[in-house]
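Colleague: Okay, structure incoming, though there's no sequence with it:
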């Protein structure tokens, strides 16, 4: 993979290979594809990347990505501004929005506490969250972080700081995925799903 | 995946998702990565893509990608200009160059004949190859196309047109990969490797 016949190609391959999950071979495949596209198409890709990085904003309230100072969700008077759903990153916001089951606002941490990766509480948007919760308008926080040790650690870290505020703290339900066979579920999930069983009437409500 | 909170992000995701092997989820992961990078880094990526597409040239002799009218290989007087190695695309040139076992020149077809994909001989750089072979300076062509039906079809199509020129035509050896166990080789490869067996003395030469 050393002998590129073009410096132009070599540079793009090296740049693309910096992206997560893209190695030099994949980068070269992408380059060959780009070389077959019309120039305006390729310029659109390049320019949209530069424009996005230069003009993107992060919502001052929830840290969601946004084209303005305050994102559409935080700016929407129809949303319930008394409930905050705490998520790791913007992909989680999109996933929850797609369920159409949540009408509160969000708070994006920008990651979770992970000592292995050198990510501590101060690397995340936790302090503004605590301030928001202590400001008095919040009734409930829903912790929707990954169901991993790191997610649990982050949940606990946040809970410790807000437990005396009287704000209700909840965690999204963990259990058997809909459509899954019990025999293939892991023991911990299955165990939790029994402990946290829900009244039958609740389980059938749409 | 519908509810992007930013039009800027949505556009880049849509552009990236046009690339082969990249879906919307992967595109979004790449966007999140780009948003964490410094602006100059992201500009370097975007600009290098645009620059490459605008300034890339294809070698007028061998159709390899190049920064000039004639590529470095075709321009190199130390290479043997009497032998042409015929390959599908530039990745094959790189792969063969990395072996350091070949000192001739190349001819890049830009694909192989594949009726299933609607690719016929006229979509490929076959005519200039035939002209080059018939010009009289060529002693041997080495067909290094994929060992598939399409590759074999393309080999045969080229061979038919040059067989009366007196130019030697050869195909890269097919056989058991070095390091492979015989029991896991497919029957056709194993059968061919017996038919095309090489003298022991040749097999141990470095």
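Modeller: Structure received. Here the structure is a predicted model, which means the values were calculated and not measured.

Colleague: So which residues of chain A form strands?
Modeller: Under the criterion DSSP state E, strands of chain A are mapped to A:57-58, A:65-66, A:80-87, A:104-108, A:140-143, A:168-171.

Colleague: what's the closest of those strands to chain B?
Modeller: Minimum separation from chain B across the strands of chain A (Cβ to the nearest Cβ) falls at strand A:65-66, 4.9 Å. Where you see a C-beta, it was placed from the backbone N, CA and C, and this is true even at glycine.

Colleague: on that earlier part again, tabulate the strands of chain A (JSON lines), appending mean pLDDT and mean neighbour count.
Modeller: Compiled in JSON lines, the strands of chain A are given as follows (pLDDT from 0 to 100; neighbours: other Cβ atoms under 10 Å in any protein chain shown):
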{"stretch": "strand A:57-58", "mean pLDDT": "92", "mean neighbour count": "16"}
{"stretch": "strand A:65-66", "mean pLDDT": "90", "mean neighbour count": "23"}
{"stretch": "strand A:80-87", "mean pLDDT": "94", "mean neighbour count": "20"}
{"stretch": "strand A:104-108", "mean pLDDT": "95", "mean neighbour count": "23"}
{"stretch": "strand A:140-143", "mean pLDDT": "92", "mean neighbour count": "20"}
{"stretch": "strand A:168-171", "mean pLDDT": "90", "mean neighbour count": "14"}
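
Colleague: Can you lay out those as a markdown table showing distance to chain B?
Modeller: Shown next, in a markdown table, are the strands of chain A (distance: least, Cβ to the nearest Cβ, whole Å):
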| stretch | distance to chain B |
| --- | --- |
| strand A:57-58 | 8 |
| strand A:65-66 | 5 |
| strand A:80-87 | 12 |
| strand A:104-108 | 10 |
| strand A:140-143 | 18 |
| strand A:168-171 | 23 |
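
Colleague: Looking at the record's assignment, how would you partition chain A?
Modeller: Taking automatic domain parsing as the criterion, chain A consists of the domains A:7-55, A:73-172.

Colleague: Mind giving me the packing neighbours of the lengthiest helix in chain A?
Modeller: If you go by DSSP state H, chain A has its longest helix at helix A:39-55. Here helix A:39-55 touches helix B:7-16, helix B:24-36, helix B:39-55, going by 3 or more Cβ pairs under 8 Å, 6 or more residues apart in numbering or on different chains; DSSP states H and E.

Colleague: from the chain's centre, how far out does the shortest one sit?
Modeller: Pointing back at helix B:7-16 there. 30 Å (Cα atoms, centre = their mean, to the nearest Å).

Colleague: Only the buried residues of it, if you could.
Modeller: B:8-13, B:15-16 (16 or more other Cβ atoms under 10 Å in any protein chain shown).

Colleague: show me which of these neighbour chain A.
Modeller: B:8-9, B:11-12, B:15-16 (Cβ under 8 Å from any Cβ of the partner chain).

Colleague: Could I get those in a markdown table, plus columns for pLDDT and distance to residue A:120?
Modeller: Shown next, in a markdown table, are those (pLDDT from 0 to 100; distance: Cβ to Cβ, whole Å):
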| residue | pLDDT | distance to residue A:120 |
| --- | --- | --- |
| B:8 | 92 | 30 |
| B:9 | 93 | 27 |
| B:11 | 94 | 34 |
| B:12 | 95 | 30 |
| B:15 | 96 | 35 |
| B:16 | 96 | 31 |
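
Colleague: Switch these over to CSV; also include distance to residue B:71.
Modeller: As requested, these are exported to CSV (distance: Cβ to Cβ, whole Å):
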residue, distance to residue B:71
B:8, 38
B:9, 39
B:11, 35
B:12, 33
B:15, 30
B:16, 30
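
Colleague: Now the two most distant members of these.
Modeller: B:8 and B:16 (12.9 Å; Cβ to Cβ).

Colleague: quick one: the longest helix of chain A to helix B:24-36, angle?
Modeller: With axes from the mean of the first three to the mean of the last three Cα atoms, to 10 degrees as the basis, helix A:39-55 and helix B:24-36 are set at 50 degrees to each other.

Colleague: Pull out the buried residues from helix A:39-55.
Modeller: Quick answer for helix A:39-55 (16+ other Cβ under 10 Å): A:42-50, A:52-53.

Colleague: got the end-to-end distance for stretch A:84-104?
Modeller: End-to-end distance for stretch A:84-104, by Cα to Cα, to the nearest Å: 6 Å.
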